[in-house]
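S.K.: Structure for the following, please:
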Amino acid sequence: MRWRPAMDRALYGESGGFYRRPEGPAGHFRTSVHASPRYAGAVARLLQEVDEALRRPAELALIDVGAGRGELLTGVLAAVEPALAGRLRPYAVELADRPAGLPGSVVWTDRVPQGVSGLLFANEWLDNVPLDVAEVDEHGVLRYVEVAPDGEERLGGELDEADARWAADWWPAGEPGERVELGTGRDAAWAAAVGALSSGLAVAVDYAHARAGRPPFGTLTGFRAGREVPPVPDGSCDITAHVALDSAAVPGLHSLWTTQRDALRALGVSGTRPPLSLAASDPAEYLRALGRAGEAAELTDPAGLGGFGWLVQAVRMPEPSGLAGLGTWRTR
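M.R.: Modelled structure (predicted):
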């Protein structure tokens, strides 16, 4: 079958889907959420700015799309100011069952809530939205790649009109053997998520690339127990591919494309080492500050987590103050 249905079954199938396993994503790979509580703290600060931009509504939604086991929501709830906590309505959007020990205020749901105002945050979600893969054959024609449950591939039929148009617009390829990871499904998934907001801010954070630098042979791969493995669609591993965030942006919205390094720095996450004088005056605080600086350095490392792409889109609200100075906000 084509990669998109194979990936969907392998990741989300009710019988044996990788993301329905009880250990959750943290059992296999480490995201920014798991790297440091400072990540949740930065999201809490962004949430505060959204609240201010929306003039402190009676209820403010925090929607975590692809919530895993609720780690990010738990961290943000612990970090928000008390004045906001009483008005906050947190939603975890996830197909897996609700984990034990999650705060009772969290609404666990398998779909994005409609018509709410607040912050929609999708951390490493789009890279797991199933997609089709195409490859240029020996005659220069793009064809769908079909895959067997053991990972063996073959070329199938030519692209349908929508996928062919997407490839021409966003990922042109013409040399035999070049591959295209077709973003039509991901674009639609992001548009549906953003469209659920009546007002607020939508943020997608992911491995990303832009049209000028698409990888000629794609990025599709697998992960199991912290190691990269072949992408075999049998439910035994995560299957992921980097995201064309420039294509995913919903047209007509004021938008910002930036990196995690720049976004987190703008939100107060700094890897600056504490002054050595603090080691003499307060050794314990120096060690704590040194630990925080190390965590911040990991989150903002341009060769690691800091290199993630951030797509930020404002829905009927002004730019949040913390991110307003990052590059040029523009409409696609």
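S.K.: Helices along the stretch 51-200 of the chain, start to end?
M.R.: All helices of the stretch 51-200 of the chain, identified by DSSP state H, counting those that start in this stretch, fall at 71-79, 82-85, 161-170, 184-195.
S.K.: most packed of those helices?
M.R.: Across the helices of the stretch 51-200 of the chain, the average number of neighbours (mean count of other C-beta atoms under 10 Å) peaks for helix 71-79, which reaches a mean of 21. Where C-beta positions appear, they are placed from N, C-alpha and C, glycine not excepted.
S.K.: how far does that one sit from the chain's center?
M.R.: When distances are taken as C-alpha atoms, centre = their mean, to the nearest Å, helix 71-79 is centred 17 Å away from the chain's centroid.
S.K.: do stretch 116-131 as well
M.R.: The answer for stretch 116-131 is 5 Å, by C-alpha atoms, centre = their mean.
S.K.: if I look at Ala303, how far off is Glu124?
M.R.: 17 Å (C-beta to C-beta, to the nearest Å).
S.K.: More neighbours: the two, which one.
M.R.: Ranked by neighbour count (other C-beta atoms under 10 Å), Ala303 and Glu124 place Glu124 first, with 20 against 7.
S.K.: Ranking helices and strands of the chain by mean pLDDT, which lands last?
M.R.: helix 277-281 (a mean of 77; mean pLDDT, DSSP states H and E).
S.K.: Give the other helices and strands that that helix contacts.
M.R.: helix 283-300 (3 or more C-beta pairs under 8 Å, 6 or more residues apart in numbering; DSSP states H and E).
S.K.: helices or strands up against the helix it packs on?
M.R.: helix 32-35, helix 37-53, helix 260-266, helix 277-281.
S.K.: gap between the first one and the chain center?
M.R.: What separates the centre of helix 32-35 from the centre of its chain is 12 Å, taken as C-alpha atoms, centre = their mean.
S.K.: Ok, stretch 159-177 next?
M.R.: On C-alpha atoms, centre = their mean, the centre of stretch 159-177 falls 24 Å from the chain's centre.
S.K.: Next, the residue nearest to Ala191 when sequence neighbours are not counted: secondary structure please.
M.R.: Leaving aside its sequence neighbours, Ala191 sits nearest to Val250 (C-beta to C-beta, 6 or more residues apart in numbering; 5.1 Å). With DSSP: H, G, I helix; E, B strand; the rest coil as the basis, Val250 sits in coil.
S.K.: Kindly reformat the helices and strands packed on helix 283-300 as TSV and extend each row with mean neighbour count and distance to Trp108.
M.R.: Output for the helices and strands packed on helix 283-300, formatted as TSV (neighbours: other C-beta atoms under 10 Å; distance: least, C-beta to C-beta, whole Å):
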stretch	mean neighbour count	distance to Trp108
helix 32-35	20	17
helix 37-53	22	18
helix 260-266	22	27
helix 277-281	12	42
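S.K.: before we move on, the earlier item: which residues does the least confident helix or strand of the chain contact?
M.R.: Helix 277-281 is contacted by residues 285-286, 289 when judged by C-beta atoms under 8 Å, 6 or more residues apart in numbering.
S.K.: between those residues, which is closest to Arg69?
M.R.: Ala289 (29.5 Å; C-beta to C-beta).
S.K.: Return the distance of the closest residue to the closest one other than its chain neighbours relative to Ala293.
M.R.: Spatial nearest neighbour of Ala289, excluding adjacent residues (C-beta to C-beta, 6+ apart): Pro274 at 3.7 Å. For Pro274, the distance to Ala293 equals 7 Å [C-beta to C-beta].
S.K.: Next, count neighbours for the closest residue to Ala189 other than its chain neighbours.
M.R.: In space, Ala189 comes closest to Val129 once its chain neighbours are excluded; the distance is 4.9 Å by C-beta to C-beta, 6+ apart. Per other C-beta under 10 Å, the neighbour tally for Val129 reads 24.
S.K.: wait, Val129 sits on Thr184?
M.R.: No. At 10.7 Å, Val129 does not count as touching Thr184 under the criterion of C-beta atoms under 8 Å.
S.K.: Overlap of the contact sets of the two?
M.R.: With C-beta under 8 Å, 6+ apart as the test, Val129 and Thr184 reach no residue in common.
S.K.: what's the domain layout of the protein?
M.R.: As assigned by automatic domain parsing, the chain contains the domains 31-131+183-208+243-331, 133-170.
S.K.: quick one: which of these has the weakest pLDDT on average?
M.R.: When the domains of the chain are compared on mean pLDDT, domain 31-131+183-208+243-331 scores lowest, with a mean of 93.
S.K.: For that one, measure first residue to last.
M.R.: Counting by C-alpha to C-alpha, to the nearest Å, you get 29 Å between the two ends of domain 31-131+183-208+243-331.
S.K.: rewinding a little: columns distance to Leu88 on top of the helices and strands packed on helix 283-300, output as CSV?
M.R.: Output for those, formatted as CSV (distance: least, C-beta to C-beta, whole Å):
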stretch, distance to Leu88
helix 32-35, 18
helix 37-53, 8
helix 260-266, 21
helix 277-281, 34
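S.K.: Quick one: closest of the ones you listed to Ala244.
M.R.: When those are compared by C-beta to C-beta, helix 260-266 sits nearest Ala244, at 17.1 Å.
S.K.: Appreciated, that's everything.
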